[in-house]
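Chemist: Need a 3D model of the sequence below.
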Amino acid sequence: MMKTKLLFILLLFASAAEAQYVTDNKRMADVYFQNKEYYAAAEYYKKAVFNPKDSAGFVVPFGFENRIKEGGEKRENYEYCAYQLAESLRLYKNFGAAEGWYEVTKDFVNPKYILSNFWYGETLRSNQKFKEAIAAFNKFLKEYNLNDAYTVKARQEIASCRFALYELSYPRLVRVTNLKNSINTNSFGSNYTPTIKGNNLYFSSSRPLGSDGKKEILTGTNAKVVKKQTPYLNAIYMTSGDPLDLKTTVSKTSIEGKGKETAAPAFHPNGKIAYLTSWTAQGNKKIYQLNAMPGASTGWSEPIELGGQVNVKGFNTMQPFVTKDGKFLIFSSDRPGGLGKYDLWYSPIYSDGTLGTAVNLGNTINTIEDEQAPYYNTAAKKLLYSSNGKIGMGGFDFYESDGGFGDWSEPKNMGHPFNSSKDDLYFTPTKNDDSEGFISSDRESACCLEVFHLKKMPLIITGILLDCNTLKPLKNAVVTLADSVQHFKVNTDEMGKYTFNVNSNHYFKLTADKDKYFSKTLSFSYGQMAQRDTLFSADLCLLPYEIDKAIVLKDILYEFNSADLTPDSKGKLDHLYTIMVDNPTIEIELISHTDSKGVDAYNLDLSNRRAQSCVDYLVEKGIPVKRMTNKGYGETKPIAPNELAKGKDNPEGRALNRRTEFKVTKK
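Modeler: Residues are numbered from 1 along each chain as shown. The predicted structure follows:
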C-alpha cells in the first residue's frame, strides 16, 4: 500500500567473535528479510559482504569483483549476500542502489540468480534508463528457459520501456510539482493518499510519532533477533488552508484505531460516515467505518470493522473511496474471486448506510497484477486508478476508463508527466473537471511516496465546421481529435462550433464526419497547433454528395489531343485522392467527357482513355484499383451548347463540356 523507509534500532540477540561476524550478519539479515523488514535486511547484508564498520552506503565498492572470484564457500556466501542485498534494496524501492548490485549479480553463473537480469532491467527502467532496460530484459528472455509469469512480465516491461520513450518525446501538457512544505516531511517516511474534505487536506504519513516503541522479537529460519518497534507508524494527518502554502501547518488527526496503523481516509458526502484502512504489524489490512459523533471529543466514533461484504478473513482490503453521490464504496483487495493480486471492487451503499456485497470491477479494469487507489468522477463517469499490470511508464501508473459500474471502456494510460517511471497513485481533485488536484509519487525520492500538486495545462483548439458549397455551419457533425494513444470526440453545436482541450504535444489528426458529406481529416504537429492563425481557429468545410450524382473535378486538363494528364492537373486530382483517403469505404466511378469537335468514335475512345488516366494516377498514389471504375462518354452528355445559333462556335460551352467528373457508387 505504501513504501516506508524505516529507521530501526537494532540489537544483537547474541554476541559473536569477529571471525564469525559475516555469518552472524548474514543470519540477522535473513531474519529481517523473512519478516519483510527490507531496510534493516539491506543494512545487514551489506555488513555481511564488507567490513562491519563500513557505513558508506550501498554503492558497489571497488574490489568487490575480486572478492567473488574466491572459490568454495566464501564465493557462495558473497554471491548470496550480494543478491539478497540487491533484493532488499529493490523491495524497499531504493532502485538507484539496487541497480548497481544487480549489475554485479547478473553475471553470476549459479542458476539461483537467473532472475538478476530481470530485476536489473526493472531497476534500470525505474531509473529512467529505458534503452538499457530493454537490453537487459532481452538478455533475460534469451537466457531464461521457462515460459512463466516472468517471461510475460519481461515482454510487457519491454513494451512499457518503448511506451515510456515515446511519452518522454511527447509529454502531456501537465505540470507536476512536489509540495516543499511540512506535508512532505524531511524525515524518513511516506506521505500519501491526499484527500480533500471541505477546506482541509487529509493525508496518510509514516512520519515519527515521537516514541521509540517497544521491543519486538522477529523469528526467522533457525534464528531470532530483537528490535525496537519503529517510531515511524502510519497515521492520518491534516492541514487547513492552502496545501501549496510553504508555511502550511500539519497536525495528526484523531481518526485512528487504537493500537493500529491507519491510512487512506475516505469521507461520505453526507458528512456522517468516514472509512479508513487499518492494520497491525502481524495482521491483514481491513477497512473500518467511523460514524460522526459531534458531541464526542474526537468528533468520530471508534472504528468499526466492516463485515464480510467488504472484509474477508485472511485477506487484505484497503484504500476505500466513496463516490460523490454516496452510492458506491470502491476499494482494493486481494480477496478470493479476483483476477490477480489486488483487484478493484465496489459495494453499493444503501440509504441506511449499510453496504451490499462487493462486486469485482471486471477484467477490463483488473489484471493479473495489482490495481489500487480508485477515484471515480460521478458527473463525468470516469474512473481513475493505478495499476502495475498494464503497459505504462513503469511501477504503478494512472489509467482512466469511461463508463459506469459493470461497463467500462479500455483504460488509457495518462502518460508522462502525469505518470513517472516509479509509483504514481492516489489522485484527489480540487476541480470538478479533474483538471487540478493532488497525487502521491516517489518519482523524486529514493524510496518513499510524497504528495505532489498536479495541474493540466491544455491548449484549446476550436473551429467552425461549414458546408463547402453554401458556407453555412454544419450542426451535429462529429469531430474527432486523436493521436496514437487517445482520442476525443465532440458534436458541433448550432453554429457548427467544436472545441477540444489538447493535453499532449503528440501528432494529432482532426477528423470531421457528417451523413451525406465526405469525411475530412487534417494532420498536424504540436508546433502547428501553437500557431494561432491555423489550428486555434481551424475552420473546416465538408463537401456534400449523393450516391450516383456526378461531381465535377475542376481544371483537370490533358495534353492537346491526348489522354496524358498535364502536371498541373495531377495536382488538382490530388483533391480526389484526399477524399478517397479520408473516406476509405467509398467506391467511385471516374467519368470523362469531350466537346463535339472531332469524330464521335474518336471522342468516345479519347474520353475512355482520359478517365483511365485518372484511375491510373490514383492507383500510383496508393488507392486500390478495386475501389474505382472508369467510363468515357465522348460528346454524348454535354452540359452546355457546343454551338450557338446558326452554327456559331461556342468556346465557353465547349470548355464546360470538356470535363472530368466522379460519382460515389458505394458508400
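Chemist: Show me what stretch 566-577 is in contact with.
Modeler: With contact meaning Cβ atoms under 8 Å, 6 or more residues apart in numbering, stretch 566-577 is reached by 553-559, 565, 588, 614, 617-618, 621, 623, 662. The way it works is simple: take the backbone N, C-alpha and C, and place the C-beta from them, glycine included.
Chemist: Report the mean confidence score over it.
Modeler: Stretch 566-577 carries an average pLDDT of 86.
Chemist: do stretch 498-513 as well
Modeler: 83.
Chemist: Any chance of the backbone angles for K131?
Modeler: K131 adopts backbone torsions of phi -70, psi -40, taken as degrees, to the nearest 10.
Chemist: Tell me how far it lies from L449.
Modeler: 27 Å (Cβ to Cβ, to the nearest Å).
Chemist: picking up where we left off before, narrow the contacts of stretch 566-577 to those in helices?
Modeler: C614, Y617, L618, K621 (DSSP state H).
Chemist: For the third one, which non-adjacent residue is closest in space?
Modeler: If I follow you right, that is L618. Excluding the flanking residues, the one nearest L618 by Cβ to Cβ, 6 or more residues apart in numbering is Y577, at 5.8 Å.
Chemist: Just give me the closest of the ones in helices among the contacts of stretch 566-577 to S435.
Modeler: Checking the ones in helices among the contacts of stretch 566-577 against S435 by Cβ to Cβ gives K621 as the nearest, at 42.8 Å.
Chemist: who are the neighbours in contact with the closest one?
Modeler: D574, Y577.
Chemist: For the residue nearest the centre of the chain, give me phi and psi.
Modeler: Centroid check for the chain by Cα atoms, centre = their mean gives N413 as the closest residue, at 1.8 Å. With angles defined as degrees, to the nearest 10, N413 sits at phi -70, psi 140.
Chemist: Pretty sure D434 sits against K381.
Modeler: No: under the criterion of Cβ atoms under 8 Å, D434 makes no contact with K381, lying 11.8 Å away.
Chemist: related to what we said a few turns ago, ok, of the contacts of stretch 566-577, which come out buried?
Modeler: Buried residues within the contacts of stretch 566-577, defined by neighbour count using 16 or more other Cβ atoms under 10 Å: L553, I556, Y558, L565, I588, C614, Y617, L618, I623, F662.
Chemist: OK, contacts around P473?
Modeler: So P473 contacts I464, L465, L466, D467, T492, E494, M495, G496, K497 (Cβ under 8 Å, 6+ apart).
Chemist: try S347
Modeler: Q309, V310, F328, L329, F331, L355, G356, T357, A358, V359.
Chemist: Just the element for it, please.
Modeler: strand 343-348 (DSSP states H and E).
Chemist: what is the rounded mean pLDDT of that strand?
Modeler: Rounded mean pLDDT across strand 343-348 is 97.
Chemist: Now L115: closest residue in space that isn't a chain neighbour?
Modeler: Counting by Cβ to Cβ, 6+ apart, the nearest residue to L115 once its immediate chain neighbours are dropped is Y150, at 6.7 Å.
Chemist: Correct me if wrong, but that neighbour is in a helix.
Modeler: Yes: assessed with DSSP: H, G, I helix; E, B strand; the rest coil, Y150 lies in a helix.
Chemist: which element follows the helix or strand bottoming out on mean pLDDT in the chain toward the C-terminus?
Modeler: The weakest-scoring helix or strand in the chain, judged by mean pLDDT, DSSP states H and E, is strand 9-11 (a mean of 34). Following strand 9-11 in sequence order, the next helix or strand is helix 21-34 (DSSP H and E).
Chemist: could you dump that next one to PDB, C-alpha only?
Modeler: Coordinates of each C-alpha in helix 21-34 appear next as PDB, following Å, rounded to 0.1, in the frame of the first residue of the first chain:
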ATOM      1  CA  TYR A  21      30.800 -11.700  12.200                       C
ATOM      2  CA  VAL A  22      30.000 -12.300   8.500                       C
ATOM      3  CA  THR A  23      27.900 -15.400   9.300                       C
ATOM      4  CA  ASP A  24      26.100 -13.600  12.100                       C
ATOM      5  CA  ASN A  25      25.300 -10.500  10.000                       C
ATOM      6  CA  LYS A  26      24.000 -12.800   7.200                       C
ATOM      7  CA  ARG A  27      21.800 -14.700   9.700                       C
ATOM      8  CA  MET A  28      20.300 -11.400  11.100                       C
ATOM      9  CA  ALA A  29      19.800 -10.100   7.600                       C
ATOM     10  CA  ASP A  30      17.900 -13.200   6.700                       C
ATOM     11  CA  VAL A  31      15.600 -12.800   9.700                       C
ATOM     12  CA  TYR A  32      14.800  -9.200   8.700                       C
ATOM     13  CA  PHE A  33      14.300 -10.200   5.100                       C
ATOM     14  CA  GLN A  34      11.900 -13.000   6.000                       C
END
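Chemist: Would you mind listing the buried residues in that helix?
Modeler: Result for helix 21-34 [16+ other Cβ under 10 Å]: buried residues V22, D24, N25, K26, R27, M28, A29, D30, V31, Y32, F33.
Chemist: buried ones in stretch 477-484?
Modeler: Burial within stretch 477-484, assessed by neighbour count using 16+ other Cβ under 10 Å, is assigned to A477, V478, V479, T480, L481, D483.
Chemist: Contacts made by it with the rest, please.
Modeler: Counting by Cβ under 8 Å, 6+ apart, 166, 461, 465, 487-492, 496, 498, 500, 502, 504, 506-514, 517, 542 sit against stretch 477-484.
Chemist: Identify those among the residues you listed that sit within strands.
Modeler: Of these, the ones assigned to strands by DSSP state E are 461, 465, 487-491, 498, 500, 502, 508-513, 542.
Chemist: are any of those residues buried, and which?
Modeler: Using 16+ other Cβ under 10 Å, the buried ones in these are I461, L465, Y498, F500, V502, F508, L510, T511, A512, D513, L542.
Chemist: For the fifth one, list each beta-bridge partner.
Modeler: What that stands for is V502. Beta bridges link V502 to L459, judged by DSSP bridges.
Chemist: any idea how far E400 is from it?
Modeler: 16 Å.
Chemist: Give the burial count for the residue lying closest to Y288 once chain neighbours are set aside, as a bare number.
Modeler: Excluding the flanking residues, the one nearest Y288 by Cβ to Cβ, 6+ apart is P303, at 3.6 Å. A count of neighbours around P303, defined by other Cβ atoms under 10 Å, yields 22.
Chemist: my guess is P303 contacts L290, does it?
Modeler: Yes: with contacts counted by Cβ under 8 Å, P303 reaches L290, the gap being 5.5 Å.
Chemist: got any residues that touch both of these two?
Modeler: L276.
Chemist: Looking at K131 and L449, which one has more neighbours?
Modeler: For K131 versus L449, neighbours defined as other Cβ under 10 Å are more numerous around L449 (32 against 10).
Chemist: ok, and for the helix or strand encompassing A135, which residues are buried?
Modeler: If you go by DSSP H and E, A135 is part of helix 130-143. Buried residues in helix 130-143, counted by 16+ other Cβ under 10 Å: F130, E132, A133, I134, A135, A136, F137, K139, F140, L141.
Chemist: How about T499: what's its closest non-neighbour residue?
Modeler: Nearest residue to T499 in three dimensions, chain neighbours excluded: T462, at 4.3 Å (Cβ to Cβ, 6+ apart).
Chemist: repeat for F438
Modeler: That would be P194: by Cβ to Cβ, 6+ apart, it lies 3.9 Å from F438.
Chemist: and the one helix or strand that neighbour maps to, which strands flank it?
Modeler: In the assignment (DSSP H and E), P194 maps to strand 191-197. Taking DSSP bridges as the criterion, strand 191-197 sits next to strand 200-205 (antiparallel) in its sheet.
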